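# Generate a structure from the sequence data that follows.
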Amino acid sequence: MSTARIAFIATITLACGLLGRRYLAEPVYIASASMEPTLTVGHHLFVDKITYRFRKPGRQEIICFESPVGEAHDSIKRVIAVEGDTVGLKEKKVYLNGEPQLEIYTRYTRAGETLEGDNLGPLKVPPDSFFVLGDNRDNSNDSATWKDPATGERFYFIKLERVRGKVRGIY
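Numbering: from 1, shown residues only. The predicted structure follows:
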């Protein structure tokens, strides 16, 4: 096999890999405990970049998105409320459209303490936006605790354009 042919095959392979990572799926690594017990530190997952080209994220789905508070890494959280929903927290309990939610996937490491974000709302989710929380509620930087880094003003929603994809499959 000639050197030119090997170079051509290597170039095509590299281009396919880069295009696949950009448009189809991308590997991610869980580096924080914010999604425990569902996703623990050290899990390797794929971000499906195709699904949300055909529909918006739904409640309970785990999504990857660009950090809205200027962090250098993407974030992974669970969608709690979608556009048009009314969401609130009262003593750490999530209320969606006025109904308390049964969330068997959550963890509270500081259950006896009242923390910032444990009581808020009710808030109406604007169009093309989502209210997201980590499953490890007392150890997560999410919709309940976000503040604008420049002004310190609270904000509660992630915009659709920041969503990178749906988290799938451990490898």
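# ranges for the helices of the protein?
Taking DSSP state H, the helices of the chain run over residues 3-23.
# residue ranges with poor pLDDT in the protein?
Confidence mapping of the chain against pLDDT under 70 gives the ranges 7-10, 12-25, 171.
# which residues in it form strands?
25-29, 44-48, 62-66, 74-82, 86-90, 93-96, 99-100, 120-124, 129-133, 158-159, 163-170 (DSSP state E).
# which residues are in contact with the longest one?
Identification of contacts with strand 74-82 by Cβ atoms under 8 Å, 6 or more residues apart in numbering yields 28, 30, 34-35, 38-39, 45, 56-67, 87, 94, 96, 101, 105, 125, 130-135, 140-143, 158, 164, 167. Where C-beta positions appear, they are placed from N, C-alpha and C, glycine not excepted.
# Any of those residues buried? List them.
Those of those that meet the buried threshold are 28, 30, 34-35, 38-39, 45, 57, 61-65, 87, 94, 96, 125, 130-135, 140-143, 158, 164, 167, by 16 or more other Cβ atoms under 10 Å.
# these two touch, right, Phe155 and Ala144?
No: proximity of Phe155 to Ala144 does not meet the contact threshold set by Cβ atoms under 8 Å, at 11.1 Å.
# Looking only at neighbour counts, state which of the two leads.
Set Phe155 next to Ala144 and count neighbours by other Cβ atoms under 10 Å: Ala144 wins out with 25 against 12.
# quick one: the more buried one and Leu120 touch, right?
Yes: Ala144 is in contact with Leu120 according to Cβ under 8 Å; the separation is 6.3 Å.
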